[in-house]
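S.K.: With the sequence up front, the predicted model follows.
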Amino acid sequence: MDTTLILARARRWTLAAAAVGTAAMFLATTPRSALSFLGAAVWGVAGFWLLERLIRLALVPPGGPRDRRALAGLVAGKAALYALGAWALLSGAAAPRACALGFSLLLVVLVVVGILVRPGLQLPRTEPRRRDDE
């Protein structure tokens, strides 16, 4: 399966899980926590998408065309995204625990999608180590 499809699927499922989680958090916690969770999940997905685009544009074969304006735009976007996240946490606009949960959601979904896409994935077997003194 194409890595682009796997990453796109992880982004979609993260946003879907964030929507469900936000609805549940509205019932169980404060609206501020629920919106902080949703904002952090969207922030994580946006940062993940920017990083993916940045890597795809930056890693070209030597001598290949490199779009420096697009790279600069993506770096600026990533910096602005980090500034927005820092402002939300430092100003008290967002609940830190809910933000940690929302951001962690992307990581959990990435693992789950990886397992579902490649269920037979196993670590390579190695021979047992022999002791040198035998």
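M.R.: Perfect, thanks for sending it.

S.K.: For D67, which non-adjacent residue is spatially closest?
M.R.: Ranked by CB to CB, 6 or more residues apart in numbering and with sequence neighbours excluded, the top spatial neighbour of D67 is L57, at 6.0 Å. Just so you know, the C-beta spots here come from the backbone N, C-alpha and C atoms, and that holds for glycine as well.

S.K.: That neighbour contacts A70, doesn't it?
M.R.: Yes: if you go by CB atoms under 8 Å, L57 and A70 touch, sitting 5.6 Å apart.

S.K.: thinking again about what came up before, what about the residue nearest to D67, which helix or strand?
M.R.: helix 31-58 (DSSP states H and E).

S.K.: tell me what the helix or strand following that helix is packed against?
M.R.: Following helix 31-58 in sequence order, the next helix or strand is helix 68-90 (DSSP H and E). Other elements packing on helix 68-90 under the criterion 3 or more CB pairs under 8 Å, 6 or more residues apart in numbering; DSSP states H and E are helix 31-58, helix 96-117.

S.K.: residues of the helix or strand encompassing R12 that come out buried?
M.R.: Assessed by DSSP H and E, R12 sits inside helix 3-28. Across helix 3-28, burial judged by 16 or more other CB atoms under 10 Å covers 6, 9-11, 13-15, 17-18, 21-22, 25.

S.K.: where in the protein is pLDDT low?
M.R.: Low-confidence regions of the chain, defined by pLDDT under 70, span residues 1-2, 119-126, 128-134.

S.K.: sorry, back to before: out of the buried residues of helix 3-28, who's nearest A76?
M.R.: R11 (21.0 Å; CB to CB).

S.K.: Could you measure from the closest one over to F48?
M.R.: Separation of R11 from F48 (CB to CB, to the nearest Å): 7 Å.
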